[in-house]
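Peer 1: next comes the sequence, and after it the predicted model I'd like to discuss.
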Amino acid sequence: MNLSIEPVAPAHFEGLWRALDTVAREKRFLAFTEAPPWESSRSFYEHIIANDQCQVVAVADGQVVGWCDVLPGMGQTRAHVGTLGIGLIPSARHQGIGSRLMRAAIDGAWTRGLTRIELSVRADNANAKALYERLGFELEGIRRRSMRVDGVYHDSLAMALLRRDDGG
């Protein structure tokens with residue numbers, strides 16, 4: 001497999017949108033249960049590029065198989081904080097791609113001046129929680145019944161990574 005981790009570019013938009021839809025329809029990992037409409041997704045990706053925000057994609061043999069972004073929050077008091085989102089299509093999991101995506105996105109977030117990265121993960125997603133912990137994220141709390149899929153509630157975990165004073 002020929003794999004690269006690349007900053008998102010217009011050539012990735014359609015594949016990224018398809019990957020998002022694939023992961024969303026699994027109803028296990030994302031806040032979405034299907035991708036937003038193409039036009040709004042394209043505008044979202046264009047906004048990321050135009051504002052030099054941090055999003056990277058994994059491209060395997062010419063196909064987008066995953067993404068990771070660390071996007072800034074709203075408000076001046078939280079300008080130092082980004083929220084991490086990640087997804088991999090099923091065939092790209094358990095191959096170290098998630099770690100590579102996250103390292104690239106975290107480095108990009110630090111380069112852009114962020115000093116805190118937050119994420120939320122479903123409490124029953126042990127693989128993702130283990131990955132996040134390996135990369136230094138720490139559990140900060142539990143959000144009870146914070147997600148509902150097909151009428152079933154799920155808890156989520158609040159995790160965060162703080163930039164060290166030495167920049168790492």
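Peer 2: Received, thanks. Numbering: from 1, shown residues only.
Peer 1: bridging residues for residue 63?
Peer 2: Beta-bridge pairing of residue 63 under DSSP bridges involves residue 60.
Peer 1: what number of residues lie near residue 67?
Peer 2: 24 (other CB atoms under 10 Å). (C-beta placed from N, C-alpha, C; glycine too.)
Peer 1: secondary structure element for the residue positioned nearest the centre of the chain?
Peer 2: The residue lying closest to the centre of the chain (CA atoms, centre = their mean) is residue 85, at 1.8 Å. Assessed by DSSP states H and E, residue 85 sits inside strand 81-88.
Peer 1: state the mean pLDDT of that strand.
Peer 2: Mean pLDDT, strand 81-88: 98.
Peer 1: which residues does it contact?
Peer 2: 19-20, 23, 29-30, 54, 58, 65-73, 97-98, 101-102, 105-106, 109, 114-119, 128 (CB atoms under 8 Å, 6 or more residues apart in numbering).
Peer 1: return the helix or strand just after it as PDB; C-alpha atoms alone will do.
Peer 2: Using DSSP H and E, the helix or strand that follows strand 81-88 in sequence is helix 97-111. Output of helix 97-111 as PDB, limited to C-alpha atoms (Å, rounded to 0.1, in the frame of the first residue of the first chain):
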ATOM      1  CA  ILE A  97      -2.700   5.200  10.100                       C
ATOM      2  CA  GLY A  98      -4.700   6.800  13.000                       C
ATOM      3  CA  SER A  99      -1.500   7.500  14.900                       C
ATOM      4  CA  ARG A 100       0.200   9.000  11.900                       C
ATOM      5  CA  LEU A 101      -2.800  11.200  11.200                       C
ATOM      6  CA  MET A 102      -3.000  12.400  14.800                       C
ATOM      7  CA  ARG A 103       0.700  13.100  15.100                       C
ATOM      8  CA  ALA A 104       0.500  15.300  11.900                       C
ATOM      9  CA  ALA A 105      -2.600  17.100  13.100                       C
ATOM     10  CA  ILE A 106      -1.200  17.700  16.600                       C
ATOM     11  CA  ASP A 107       2.000  19.000  15.200                       C
ATOM     12  CA  GLY A 108       0.000  21.300  12.900                       C
ATOM     13  CA  ALA A 109      -2.100  22.500  15.800                       C
ATOM     14  CA  TRP A 110       1.000  23.400  17.900                       C
ATOM     15  CA  THR A 111       2.500  25.200  14.900                       C
END
